[in-house]
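> Here is my input; please provide its structure:
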Amino acid sequence: MRFFDYSNLKNRKWPKEIVNYIGLIHEFKGRQQLYLEQKPELKTLVEVAKRQSTEASNDIEGIRTTDSRLIKLMNDKTTPKNRNEKEILGYRSALNLIHESFEYIPIRPNYILQLHKILYEFMDVMYGGKFKDTPNFIEDGDHNVIFTPLQPFETPIAIENICDQYNKAINEYDIDPLLVIPIFINDFLCIHPFKDGNGRMSRLLTTLLLYKSGYVVGKYISLENKIKISKQDYYDALGESSIGWHEGNNDDSSFVKYLLGTILAAYKDFEDRVNMVSKKMSSKEMVLNAVNQKIGKFTKSDIMEYCPTIKSRTVEAALKELCDEGILIIERKGRSTFYHKKD
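Numbers count the residues shown, from 1 in each chain. The predicted structure is shown next:
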């Protein structure tokens, strides 16, 4: 049985980069609260972030629908027509619950099971809200087993243990939540407690844990979307952090650094969005501002990441105008289209 003890996190010698990330995130967190008090119109970013988070977290697992269908599903303007859309709706429901009630969701096994049940509430399956009853494996793209999680009989007690250790670390051990949260998520993924939905549950739990500790940037900037963009780095960090996990001698600093870097990037983007929203820019001005943030080549998707409140076709039209004005140059290579600034 794998043994968990988070009390030693306080005395660990962390790499300088991780220490710096924590300091910067604390600064951004303080500034964000001031922005939210002074600029209530920033609440308009919440629905955009929810949609991006739902789309991205499912897309990481190969669960997709069209942009138009996604918007209708998110706005309750249609019903799901296939398995993918049912899974997307489940994620939306679980994410909405976290947004609305995170203060009232304790970190305990029965609440994690309830979140998993909500994730599958639109699906005709029997495993929603239940721990796995058969062994599962983590495979690479060629279906080679790269990690063997805990066995089903070990799973309930392991989840109970990491929940206990998380709560003690936050309430008794006096350890910075920014260290505890990535460790908890890495352990959760190594346990892999469910037959399906472990990746999406880990991202929902990341959001929940951050909100409970006062780090609400994910409410305005989609953390899941940032993970999707850096998906290979995400998997690499998890892979490195799982080596030796069963023996309790794994070095999980790779995943800690990855997740803190993702959170920090989201805070930086939040401040960029504050400037755009507060200045009441036109769509074209917002796209131009995003373009000015880029060097080298970039795609429409790269620009949309900076302009989440603008529709895809509006971004495309603005980019075309900038090309017509000689500010940008468009390049097409096969199916790929990208832009770069004119020298």
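> Please make it C-alpha for all contacts and neighbour counts, starting now.
Noted.
> residues of the lowest-mean-pLDDT helix or strand in the chain that come out buried?
In the chain, no helix or strand scores lower on mean pLDDT, DSSP states H and E than helix 300-306, which sits at a mean of 82. The neighbour-count check on helix 300-306 (16 or more other Cα atoms under 10 Å) flags Lys300, Ile303, Met304, Glu305, Tyr306 as buried.
> which residues sit in contact with the residue lying closest to the last one once chain neighbours are set aside?
Same thing as Tyr306. Leaving aside its sequence neighbours, Tyr306 sits nearest to Ala290 (Cα to Cα, 6 or more residues apart in numbering; 5.8 Å). If you count contacts by Cα atoms under 8 Å, 6 or more residues apart in numbering, Ala290 has them with Ile303, Tyr306, Cys307.
> Which one of those is nearest to Glu285?
Cys307 (10.4 Å; Cα to Cα).
> what's around the closest one, how many residues?
Residues lying near Cys307 (other Cα atoms under 10 Å) number 22.
> Show me which of the buried residues of helix 300-306 is closest to Lys280.
The closest of those to Lys280 turns out to be Tyr306 (Cα to Cα; 14.9 Å).
> Okay, and the residue nearest to Tyr306 sits in which element?
Counting by DSSP states H and E, the element that carries Ala290 is helix 283-291.
> So what's the residue count around Gly189?
Not quite, residue 189 is Leu, not Gly. 18.
> quick revisit: okay, the contacts of Ala290 in a markdown table with distance to Arg203 next?
Listed next are the contacts of Ala290 as a markdown table, based on distance: Cα to Cα, whole Å:
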| residue | distance to Arg203 |
| --- | --- |
| Ile303 | 24 |
| Tyr306 | 21 |
| Cys307 | 23 |
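> for the residues you listed, which one is nearest Ala237?
When those are compared against Ala237 (criterion: Cα to Cα), the nearest one is Tyr306, at 25.2 Å.
> which ones are touching the closest one?
When contacts are counted by Cα under 8 Å, 6+ apart, Tyr306 touches Asp269, Arg273, Ala290.
> tell me the least confident of the residues you listed?
Taken together, those show their lowest pLDDT at Arg273, with 80.
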